[in-house]
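Engineer: model the structure of this input:
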Amino acid sequence: MKTILRTRFFLVALACFTASIAKANNEKTSPYQFNLSEFVKATVQFLHANPSKASNLLQKLKEKNTSRICVCEIMDLQNNNSEFSGVALFSEKTNNGDVSREIHKAEKVMDQEKKHMKEFFFDKVKVTNKITAATDCLSLYMKLNRGANGIRMYDILDADVLSAIGR
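Structural biologist: Numbers count the residues shown, from 1 in each chain. From the prediction side, this is the model:
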């Protein structure tokens, strides 16, 4: 038992030490901005692959047509101990052609999650804003987070899976 505890303590201490001395972009402890192009190029160089493969991969990523629908609700949450404002809950669904039906399914999954939040975690769940977009939820979050208010993400629900299992 002592060996397990010592091993865990050592691993945690090692992770803390590594995080404290790690340097990135211009000697900062965190990168300034993630650049997908640079990441792909560095990965290709590391794997000693052909640089043209990196260009092809980047082109495919840029041309990727996402057929996703995202429903977002920005909420104010309150429980006995604290109050949170500007919390976003996302629900993402694949667009199979019937947009209104897919939006309805995504909203249903989101309503079930809000009900769960109210039952177990929060006394008050108040929706302040609702956004629906024909894009993936991560992209929508990045666009919304650029604003002056800066929202906090609660979760991105996969409505394809959750509606299939009847949750």
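
Engineer: bridging across strands, which residues link to N129?
Structural biologist: For N129, the beta-bridge partners under DSSP bridges are I74.

Engineer: 29 is where my numbering starts, stick with that
Structural biologist: In the new count, where the first residue is 29, that last one comes out as N157.

Engineer: so where do the helices sit in the protein?
Structural biologist: For the chain, the helices identified by DSSP state H occupy 30-49, 64-74, 79-91, 127-148, 165-173, 187-192, in order along the chain.

Engineer: mind giving me the domain split of the chain?
Structural biologist: According to the domain assignment given by automatic domain parsing, the chain is divided into the following structural domains: 30-91, 96-192.

Engineer: rank the ones you listed by pLDDT, which is bottom?
Structural biologist: Ranked by mean pLDDT, the domains of the chain end with domain 30-91 at the bottom, a mean of 63.

Engineer: now do stretch 104-113: everything it contacts.
Structural biologist: The contact list for stretch 104-113 (Cβ atoms under 8 Å, 6 or more residues apart in numbering) reads 114-115, 145, 149-154, 156, 180. In short, each C-beta sits where N, CA and C put it, glycine included.
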